[in-house]
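*Asks:* predicted structure and sequence below. I'll ask about it afterward.
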Amino acid sequence: MPDRHQLHASYCDGHQKRLYGSRNDAKGAIRRQHDKGMRAYLCELVAGHWHIGHLPKDVLKGRVTAAEIYGGRS
């Protein structure tokens, strides 16, 4: 039986991050970490897979939006 807390699909060698098979899986990993300063985003190297990463401090402090920084790819 697979570990329920290990939802990442595999590992992205190009970005050196975990890959998640869906946005919901990536967001679930964020929820399990209890970290409101993270986001799920599409991997540019592996089609249809997602990574999680920290939001920039300016976004967390409300100075800019994630769309302004990432140009709509957030």
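*Replies:* Now that the structure is in, tell me what you want to look at. Residues are numbered from 1 along each chain as shown.
*Asks:* so who does the residue positioned nearest the centre of the chain touch?
*Replies:* Centroid-nearest residue in the chain, with C-alpha atoms, centre = their mean: residue 52, separated by 1.8 Å. Contacts were defined as C-beta atoms under 8 Å, 6 or more residues apart in numbering; by that measure residue 52 touches 17, 18, 20, 26, 29, 30, 38, 39, 40, 41. Bear in mind the C-beta positions are built from the backbone N, C-alpha and C, glycine included.
*Asks:* most neighbours among these, please name it.
*Replies:* Using other C-beta atoms under 10 Å as the contact criterion, the top neighbour count among the contacts of residue 52 goes to residue 26, which has 27 neighbours.
*Asks:* figure out how far the helix or strand that one falls within is from the centre of its chain.
*Replies:* For residue 26, the host element (DSSP states H and E) is helix 23-33. Using C-alpha atoms, centre = their mean, to the nearest Å, the distance from the centre of helix 23-33 to the centre of the chain it belongs to is 8 Å.
*Asks:* all strands in this structure, in order from the N-terminus.
*Replies:* All strands of the chain, identified by DSSP state E, fall at 8-12, 17-20, 38-42, 50-54.
*Asks:* next, the buried residues of stretch 40-51.
*Replies:* 40, 41, 43, 46, 49, 50, 51 (16 or more other C-beta atoms under 10 Å).
*Asks:* out of the residues you listed, which is nearest to residue 65?
*Replies:* Looking at the buried residues of stretch 40-51 and their distance to residue 65, the nearest is residue 41, at 14.5 Å (C-beta to C-beta).
*Asks:* start and end of stretch 28-43, how far apart?
*Replies:* The first and final residues of stretch 28-43 sit 17 Å from each other (C-alpha to C-alpha, to the nearest Å).
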